Each structure stands twice: as structure tokens, then as C-alpha cells.
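Asks: build me a structure from this.
(chains A and B)
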Amino acid sequence: MGVRVRYAPSPTGLQHIGGIRTALFNYFFAKSKGGDFILRIEDTDRERFQEEALQDLYSTLNWLGIDWDEGPDRNGNYGPYVQSQRTELYREYARRLVESGQAYYCYCSSERLDDLREKQKKDKEDFGYDRKCRNLSDAEISRCKQENIKPVIRLKIPLEGETVFTDYLLGEIIKKNSDINPDPVLLKSDGYPTYHLANVIDDHFMNITHILRAQEWIPSGSLHVLLYKAFGWKPPVYCHLPMVMGSDGQKLSKRHGSTAVRDFKAKGYLPEAVLNYVSLIGWSFDDSREFFTKEELEKLFTLEKLNKAPGVFDYKKLEWFNGNYIRQKSDEQLAQILIPYLVRAGFVEENPSPEEHKIIDGLVPLVKERLKVLSDIKDISAFLFREIDEYNIEELIPKKLDASKTVEILENIKSVLDEIFESNEEKTEELFKKLAGKLDVKLGDLIMPLRTAVTGSRISPPITGSLKLLGMEKTAARINRVLDILKNEVVNG
RNA sequence: GUCUCCUUCGUCUAGUGGUUAGGACAGUGGGUUUUCAUCCCGCCAACAGGGGUUCGACUCCCCUAGGAGAUACCA
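Replies: Numbers count the residues shown, from 1 in each chain, chains lettered A, B, ... in the order given. Here you go, the predicted structure:
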């Protein structure tokens, strides 16, 4: 049988960078091997379940273009692919473990467990369940039953010996059984399985061949292997992926900034940039290449090039990738994906009018190489859609020049405005140069007051294009407004 | 505390006994340019430490240190 891997998130929170990195690696591995990628919903924690998280999972994978061969909404021979729909299976197999003497009912209350944990912490003892119910007498059991306590089922971890499994990346992982989480819960008192039980049963029955998951799962790896052994099953190949860290070297989380993929989408990161960058955390192709499309990764990905060490998520590098992918778009494509951001900024209507479209089309080539994220469009194009709030006089007047000279400059520009709007870019530049010569100022000093007057900032897209987009009327109005300010400055300043 | 994993520039990484230790991001300097950005060129910057093995170690082994993760009726 071919490779079968799965991504099995729990719908308790939004899909984040670390999660989709795991999804991506599983997906790429499956595709590169001509195998199957399975999506499984691990919703056995009914307390923390969020409908929103489930929706977010689908929309995120969809956004990234990750498709699954089997899953909740696909036909597959191993369903259902939602764990909450498989509870009978888990209960049955938990029961079998009890019957074969490899697991037992535990009646300890969560209060007792909490107290136990606290005491262990205080006394600096080893943490973990004290196995109180492992050897309950029949009398005690029937007493608990009478009290109507809902038990959990715990696995009997062997008291001696060691458990070994081979990790594809890390090699042999040997652990003394006495160091394994003492008798972990398999079936919770609400009748749902814990992750440990459900994942082993599902991976077995779904014929999963490889498990690619983050290294934070290594400690439970031994436990899972023990479970396979208890059932008499063969464990899949394990490959624990290096973790994704924040800039402080700790596991990436909200503390480090946005980690939810949908936040990146909202901010204006392109799916191809996110996918490309995330694939490079813990994996590399060679000593130089770092641009990859999804399709290329589907062919090129290999476990051999995985890195063992954890990797820090670098927002700056993602941004750089994003800028590159933005510049790769055609003007038409970019205009299209920019529209929602312009709408959200309140600059254009949901369905832009032909006039608005014209402005957008003209805007795109002006901003294309200036955008790092799509939402940057708001600040960079505001001058086209909003009046300037307030002018900063300092920014209006070029260094080494004064207000009256600036007035002279702007008056001169104003007088040739007609000509400017009739000329193409090249002609306009000639015009500016001629004017600068006449006024005996540098070209930059001629343009800067104009730029600031028209855009409200010394930083703007190229001035000629900006003027044309704004239109002559507004341009003239803004120049006049600045002229008033400056003249006032000449008189009073 | 205990267990497990990890360790090349600030960051992501290439490297599989013999290299001036390569690339990218960031930083920094310069060029192009009407600002910003793009683009181009330069610079800065690493094998955690100590022992072995070997003619020769970033590469293999051991120890130390540091970091991380796990220690739930969460996954």
C-alpha cells in the first residue's frame, strides 16, 4: 500500500502557523510519494470545541490550496473522519484493554487529582498519577460503582522495562517505562477518548503509514507505541518535525504576535508567500533555492532534507517573500486582489464603478513595488480618496529654502498645470527640469513641495502618475490650499 | 524536579573528514532614482565549550553548558 498520512487538528482554536506547517509537510510528503493525504477532525474535547475553529480550518486549508483525499466531506473508505462520530469504536477498544488486563477503571475524582498534583509540586516529587486505582479490590470497585462515580479508563504502563521506537528523523528514542506518564487516561468519564487512544485507533484503522507531527509529541510517542503493542498492532513510521518557535526561542504563540493564519490573510499576505515561507522552517531544498510554488513542493519535498533543530518564525522574512510574490502578480491580478482592501478602507464601493476601476488600474503600477502587505494600500493610496487632514509646514518647505521661495515654486507649477496634464510622463519631467532651471532650484526641491501638497506626505508614489490619478481639479485645489498656508507663513512667520 | 530532544552568522539554512565555512532575511555602506520603494554592488556576522578518534575535524564518539518540549479526564 502507498503512503497514507493525515493532518488531525482539534477544532479548539484557529489554525496557526505551527499547525499548517505540519499540515503542509504531511500534504507535500503524501503528494511527493503519490500517496493520500487525509484530514481528520479530533474533536474529542467537547468542552473546548468551537464551531468557528472548524470553519477556520476549512477556510485556511482552502486558502492555501491544500486539498485532502479523504476527510469529513469526502468519500473515503475509512470514515467517519470525525472522531466524535467514532466514539463507539473507542469505547469498544478501551473495554477490550480492560478485559485483557492492560487497562483499568479509575474512580479518582478530579479534585483528588488536583490535590495530588499540588502536593507533588510542593514536595518536589515526580509528577503524575499515583496509580491508586490500578489494584483496587473487588470490594472497593463495587463501592465506587454504588456511589455512581463515572470512571475513566487508564492504561497500565509497565512498571519496568523500556520502550523503544524509531523516529525517521531522530533515530531511536528509548524511554524507561517508569519515566512514561504513569497510567494515562484513555477514555474520559464523559465517554470520549483522549487523544492518545483515539489517535492510535484511528491511525490503525485508517491505515496511516507515517505520522508527521511536531516534536512536542515525542514524549507521548512511547506511550502510543505501548498502546499499539497492547492492541497487537504495528505502529506507523514516526517522524517528529522540528518545532516552530517565536523570536524568544519559545514555542510560537499569540504572545509573539499574529499566529493565526487568517490574521495573515487579513493583513494582506498572499497564500503563496505564507506557504512558501512556512515550508522553509525546518526544511530546505539546497544551499540556495528558496522560492517554491505549491506544485513544486508537491514534487520536491523529502523527509531527508528535514532539519532536527527548532526554527524561529521570522516575520520579516515572510514580509520579504510577500513583497516578492506581490511583484510577481500581473497588474490585473493585483488590482483584483487589492479591491477588498480598498473597500475595507472605505475608499471604493464593494463593486467599484468604472471611474473607480480606472483609478485602481492606474494605481496598481504605482504601488506594486511599494507594497509589503496588501493592507499597505490603505496608507499609500489614501491621498487619492481622502482630502489631506493637515499639512506639516516643515514638510512643505524644502530644506535650505524658505516659505516665499516655496510659494514661488508652487505658483510656477500651478501656471503650467494645464500643460502637465496634457503631457506624458517624459514630457512632464522635461517640464519640471526646465522649471527648476528657471527657478534655480534642484529638481528635487521643485518636486517635493508639489508632492507634499498633493499627497500630504514627503513619501508617496511617483508624483507624475499620482497627479494624473488625482486629476487636475483636485491637484489645483490642493496647491491653492498650500499656497494659502505658505503665504500666511510668509506674512506671520 | 524528572524525562526526552536539540545546538553553523541576530534569524532561516547549505555542509555529511581535507571548503577562503556557501546562500537568503535582517542590519549597515554605496549606486540608480523626483521622495519612498524596487533594482544593483559592497560590508558586518557563525561552527556553544572541553576532551578524545584521526595525518586531518563543523562533520564521528564522550562529557559539560545552554536552549526547548513534555510531564492534564487538552490536543
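Asks: quick one: the helices in the stretch 201-350 of chain A?
Replies: For the stretch 201-350 of chain A, the helices defined by DSSP state H, counting those that start in this stretch occupy A:218-231, A:261-267, A:271-279, A:294-300, A:315-328, A:331-344.
Asks: return the most buried member of those helices.
Replies: helix A:271-279 (a mean of 22; mean count of other CB atoms under 10 Å). The C-beta positions use only the backbone N, C-alpha and C, and glycine is treated the same way.
Asks: so which residues on the stretch 251-400 of chain A come close to RNA strand B?
Replies: By CB under 7 Å from any atom of the strand, the residues of the stretch 251-400 of chain A that approach RNA strand B are A:251, A:280-284, A:286-288, A:290, A:305, A:307-312, A:314, A:316-317, A:320, A:323-324, A:327, A:369-370.
Asks: okay, how far is it across stretch A:226-246, tip to tip?
Replies: In stretch A:226-246, first residue to last residue: 33 Å (CA to CA, to the nearest Å).
Asks: hmm, it touching RNA strand B?
Replies: Yes - residues of stretch A:226-246 are located near RNA strand B by CB under 7 Å from any atom of the strand, namely A:242-243, A:245.
Asks: restricted to strands, list these.
Replies: Using DSSP state E, residue A:245 are the members of those that sit in strands.
Asks: any chance of the helices of the stretch 201-350 of chain A in JSON lines, plus mean pLDDT?
Replies: Formatted as JSON lines, the helices of the stretch 201-350 of chain A follow (pLDDT from 0 to 100):
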{"stretch": "helix A:218-231", "mean pLDDT": "97"}
{"stretch": "helix A:261-267", "mean pLDDT": "98"}
{"stretch": "helix A:271-279", "mean pLDDT": "98"}
{"stretch": "helix A:294-300", "mean pLDDT": "98"}
{"stretch": "helix A:315-328", "mean pLDDT": "98"}
{"stretch": "helix A:331-344", "mean pLDDT": "98"}
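Asks: can I get the ones you listed in CSV including distance to residue A:116?
Replies: Listed next are the helices of the stretch 201-350 of chain A as CSV, based on distance: least, CB to CB, whole Å:
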stretch, distance to residue A:116
helix A:218-231, 20
helix A:261-267, 39
helix A:271-279, 40
helix A:294-300, 47
helix A:315-328, 42
helix A:331-344, 52
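Asks: over to residue A:419: give its phi and psi.
Replies: As for residue A:419, its main-chain torsions (degrees, to the nearest 10) stand at phi -60, psi -40.
Asks: that one against residue A:434, yeah?
Replies: No - using CB atoms under 8 Å, residue A:419 makes no contact with residue A:434, being 10.6 Å away.
Asks: which one of the residues of stretch A:226-246 next to RNA strand B is nearest residue A:87?
Replies: Using CB to CB, residue A:243 comes nearest to residue A:87 of those, at 30.9 Å.
Asks: just give the nearest non-adjacent residue to the closest one, would you?
Replies: Spatial nearest neighbour of residue A:243, chain neighbours left out: residue A:310 (4.4 Å); criterion: CB to CB, 6 or more residues apart in numbering.
Asks: ok, that neighbour to residue A:282 distance?
Replies: Remark: distance between residue A:310 and residue A:282 (CB to CB, to the nearest Å) = 8 Å.
Asks: cool, residue A:307 as well?
Replies: Separation of residue A:307 from residue A:282 (CB to CB) stands at 5 Å.
Asks: pick out whichever of these two has more residues nearby.
Replies: Just comparing residue A:307 and residue A:282: by other CB atoms under 10 Å the higher neighbour count belongs to residue A:282, 22 against 14.
Asks: quick one: contacts for the more buried one?
Replies: A:21, A:25, A:241-242, A:244, A:306-307, A:310-311 (CB atoms under 8 Å, 6 or more residues apart in numbering).
Asks: do the same with residue A:260
Replies: Residues near residue A:260 by CB under 8 Å, 6+ apart: A:14-16, A:56.
Asks: how about CSV for those residues, with secondary structure and neighbour count added?
Replies: Shown next, in CSV, are these (DSSP: H, G, I helix; E, B strand; the rest coil; neighbours: other CB atoms under 10 Å):
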residue, secondary structure, neighbour count
A:14, coil, 19
A:15, coil, 23
A:16, strand, 22
A:56, helix, 20
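Asks: how about low-confidence regions in the stretch 351-493 of chain A?
Replies: Where the stretch 351-493 of chain A drops to pLDDT under 70, the residues are A:493.
Asks: strands along that one, start to end?
Replies: With DSSP state E, counting those that start in this stretch as the criterion, the stretch 351-493 of chain A has no strands.
Asks: and the helix or strand hosting residue A:140 with RNA strand B, contact?
Replies: If you go by DSSP states H and E, residue A:140 is part of helix A:138-146. No - shown here: helix A:138-146 not in contact with RNA strand B (CB under 7 Å from any atom of the strand), separated by at least 11.0 Å.
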